[in-house]
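**Student:** Sequence and predicted structure are below.
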Amino acid sequence: MTAPSPALACRLEAARSVVRDAARMAMAMRPQPGGPQGELKAAQDWLTETDGAVEAFIAGRMKALFPDDGFEGEEGGVTRTGSLRWVVDPIDGTSNYARGRSRWCVSLGLLDGDEPIAGVIEAPALQEVYTSLRGHGAFLNGKPIQASRVAEPSRAMIEMGWSGRVPKPVFMEKIDAIMELGAMPRSGGCGALALADVASGRLDGYIEIVINLWDVAGALPLLAEAGARVSPFLRDGGLTGGAVIMAANPHIAQTLSDAVRIPLE
């Protein structure tokens with residue numbers, strides 16, 4: 001394996017540092033367990049004070065470090081353009097975060113044009129940091145990870161994300177297909193961490209019918225480096241709006257794809 005280019009290695013190291021500081025900020029602002037604290041943007045779609053504060057912090061730091069790079073955030077949209085573009089979800093899993101739960105993360109991905117090339121996902125309440133750089137591996141807390149080798153659906157664990165933007169019959173159709181395979185369904189409320197779980201082998205697959213670029217930008221390089229298979233999210237509209245994503249370990253991916261009728265790349 002060749003060494004990464006100095007420019008990309010520098011960016012990944014900087015991103016790790018910035019996300020670490022942002023995660024500490026988010027932890028300090030995390031609500032106590034109890035009823036949700038925040039505002040509803042839509043049904044079960046929460047926005048907290050932390051979302052804006054963390055995004056502004058990351059945006060400011062990345063602009064100071066790499067002023068020629070583009071930047072896009074969940075809350076602020078595209079604020080700068082460039083051939084290299086950072087995409088941030090300041091708090092993925094906000095519904096969990098707003099209730100003082102632990103399954104949430106700060107996610108920062110780097111795209112070169114339309115190609116995801118690096119990502120950092122930190123889940124501070126879980127004390128976990130995922131990092132990846134295309135061509136140079138995927139890591140959890142500094143240790144290499146790979147997608148699982150589970151090939152039998154009856155031994156598989158599949159997560160599906162819920163969204164109020166998805167009609168109930170569509171959601172239930174996919175869940176029924178997963179259960180018909182004999183797989184164990186799960187839903188954890190944090191798309192970025194679910195995709196990271198596929199990369200690390202904790203899950204065998206993840207599906208979400210409508211998900212956005214900021215939710216997945218930090219995870220796409222991780223999945224590629226860990227050997228997972230992914231549906232053509234970017235090609236099918238994910239660069240500019242909500243789109244379907246399915247990620248799975250390579251041994252069960254085609255079976256799952258056929259069952260839920262979501263094509264793979």
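**Tutor:** Sure thing, it's come through. Residues are numbered from 1 along each chain as shown.
**Student:** what's the spacing between stretch 106-126 and its chain's center?
**Tutor:** In terms of Cα atoms, centre = their mean, to the nearest Å, the centre of stretch 106-126 is set 7 Å apart from its chain centre.
**Student:** and it, which residues are buried?
**Tutor:** For stretch 106-126, a neighbour-count test (16 or more other Cβ atoms under 10 Å) marks 106-111, 116-125 as buried. To be clear about C-beta, it is placed using only N, CA and C from the backbone, and glycine gets the same treatment.
**Student:** now, which of these lie within strands?
**Tutor:** Taking DSSP state E as the definition of strands, the buried residues of stretch 106-126 contribute 106-111, 116-123.
**Student:** Turn the residues you listed into JSON lines, including distance to Lys143 and pLDDT.
**Tutor:** As requested, these are exported to JSON lines (distance: Cβ to Cβ, whole Å; pLDDT from 0 to 100):
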{"residue": "Val106", "distance to Lys143": "20", "pLDDT": "98"}
{"residue": "Ser107", "distance to Lys143": "20", "pLDDT": "98"}
{"residue": "Leu108", "distance to Lys143": "20", "pLDDT": "98"}
{"residue": "Gly109", "distance to Lys143": "21", "pLDDT": "98"}
{"residue": "Leu110", "distance to Lys143": "22", "pLDDT": "98"}
{"residue": "Leu111", "distance to Lys143": "26", "pLDDT": "97"}
{"residue": "Pro116", "distance to Lys143": "22", "pLDDT": "97"}
{"residue": "Ile117", "distance to Lys143": "21", "pLDDT": "97"}
{"residue": "Ala118", "distance to Lys143": "18", "pLDDT": "98"}
{"residue": "Gly119", "distance to Lys143": "16", "pLDDT": "98"}
{"residue": "Val120", "distance to Lys143": "15", "pLDDT": "98"}
{"residue": "Ile121", "distance to Lys143": "15", "pLDDT": "98"}
{"residue": "Glu122", "distance to Lys143": "15", "pLDDT": "98"}
{"residue": "Ala123", "distance to Lys143": "15", "pLDDT": "98"}
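**Student:** just these now: which is nearest Ser231?
**Tutor:** Pro116 (13.9 Å; Cβ to Cβ).
**Student:** And the strands in the stretch 51-200 of the chain, which stretches?
**Tutor:** Using DSSP state E, counting those that start in this stretch, the strands of the stretch 51-200 of the chain run over 70-73, 77-80, 84-92, 105-112, 115-123, 128-133, 138-140, 143-144, 157-160, 184-186.
**Student:** Dump those strands into TSV; add distance to Arg30 as well.
**Tutor:** Shown next, in TSV, are the strands of the stretch 51-200 of the chain (distance: least, Cβ to Cβ, whole Å):
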stretch	distance to Arg30
strand 70-73	20
strand 77-80	25
strand 84-92	9
strand 105-112	12
strand 115-123	12
strand 128-133	16
strand 138-140	22
strand 143-144	26
strand 157-160	23
strand 184-186	23
